[in-house]
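**Student:** quick one: sequence and predicted model below, then my questions.
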Amino acid sequence: MEKFVPIIGRVLLSLIFLTSGVGKIFSFAGTQGYMEAHGMPMSAVLLVIAIILEIGGALAIMTGFKMRTGILALIVFLIPATAIFHSNLADQTQMIMFMKNISILGGLLVLYGHSTD
């Protein structure tokens, strides 16, 4: 069982990014509008980049193939996304989303520290 725990952990950590990236594909216009409402320039281009980072990073972590690259891709996505979309810390929901992302960032850093590829 001990052999499978890290794999299960990687899958669980990655699921939020995989489902989010796929969701962005199926709700491209809505997500793009949300980004524009937050003042994002070149929203379509940045949205495509976000989708690639989320899905690619999640799959890399899940499979273990190029895992460190995948972790870095998700960190590159997560830091600005958190700063831009969850910075209103006076709003309790945004504070929770901010803390969730910080926690995920911590998990990604731990995973990076224990990976060897």
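**Tutor:** In hand now; what should we look at?
**Student:** off-centre distance for whichever strand or helix holds residue 97?
**Tutor:** Following DSSP states H and E, the helix or strand that holds residue 97 is helix 92-114. Distance of helix 92-114 from the chain centroid (Cα atoms, centre = their mean, to the nearest Å) equals 10 Å.
**Student:** nearest residue to residue 85 other than its sequence neighbours?
**Tutor:** Closest residue in space to residue 85, ignoring its immediate chain neighbours: residue 38 at 6.1 Å, by Cβ to Cβ, 6 or more residues apart in numbering. Backbone N, C-alpha and C define where each C-beta goes, glycine included.
**Student:** sorry, that was for residue 94
**Tutor:** The nearest residue in space to residue 94 (Cβ to Cβ, 6+ apart) is residue 88, at 4.5 Å.
**Student:** and if you look at residue 46?
**Tutor:** Spatially, and ignoring its direct neighbours in sequence, residue 46 is nearest to residue 40 (5.9 Å; Cβ to Cβ, 6+ apart).
**Student:** number of nearby residues for the one you found?
**Tutor:** 17 (other Cβ atoms under 10 Å).
**Student:** can you tell me the SS state at it?
**Tutor:** Classification of residue 40 by DSSP: H, G, I helix; E, B strand; the rest coil places it in coil.
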